[in-house]
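Engineer: this is a predicted model, with the sequence first.
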Amino acid sequence: MIKVKKPNVILKIFNKNGGESEFTKIITAENEANYSAQLKGLPEDEKGLIIFKKDDDNWVLITKRRIRSASKGEGYELFLEDLEEARHCLESLEAYRHKFILTDKDDNNHTLAIMP
C-alpha cells in the first residue's frame with residue numbers, strides 16, 4: 001500500500017514556511033500546463049502539489065505520493081513510502097536553508113536543492 005500524505009497538510013506546511021516564490025509554486029489548474037513535462041506519467045488520481053522549477057533540467061515536484069527531481073538533467077523519483085528520513089543539509093548556513101537530504105529505505109541519500 002502506497003503511503004499518501006494529505007494534500008491540504010503538505011500545502012499548509014508549505015505556506016507556513018514561506019509559500020510561493022519566483023521558482024517555487026503551488027500547482028493549480030491555471031498553471032498546470034507550465035509543468036506538463038514534470039507531471040507526465042502520474043496516475044490520474046495523483047496531482048502535482050508544489051514545484052520548484054528553475055528550468056527544464058533543474059526542478060523538484062512534490063505530490064501526495066512521491067517526490068520527483070532533476071538536477072542538471074539527471075532525475076530520480078522517490079515514493080514517500082520509501083522515505084526513511086529527511087533532514088537539512090549542514091554544509092553551510094545557505095545549504096541549511098535551501099538543501100535537504102532525503103534518505104531512502106536502502107540507505108541511499110538524495111539531495112534536493114530548493115531556492116527560497
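Structural biologist: Ah, there it is.

Engineer: all strands for the chain, in order.
Structural biologist: Along the chain, the segments classed as strands by DSSP state E run 24-26, 48-55, 58-63, 66-71, 74-79, 83-88, 99-104, 109-113.

Engineer: and the first one, how far out from the chain middle?
Structural biologist: What that stands for is strand 24-26. Chain-centre distance of strand 24-26: 10 Å, with CA atoms, centre = their mean, to the nearest Å.

Engineer: can you check the last one too?
Structural biologist: Taking the mean C-alpha point of strand 109-113 and that of its whole chain, the gap between them comes to 10 Å (CA atoms, centre = their mean).

Engineer: then stretch 99-116?
Structural biologist: 10 Å.

Engineer: now do it, average pLDDT.
Structural biologist: Averaged across stretch 99-116, pLDDT comes to 84.

Engineer: ok, residues contacting it?
Structural biologist: 18, 21-24, 52, 54, 60, 67, 69, 71, 76, 78, 82-89, 91, 97-98 (CB atoms under 8 Å, 6 or more residues apart in numbering). Glycine gets a C-beta too; all of them are placed from N, C-alpha and C.
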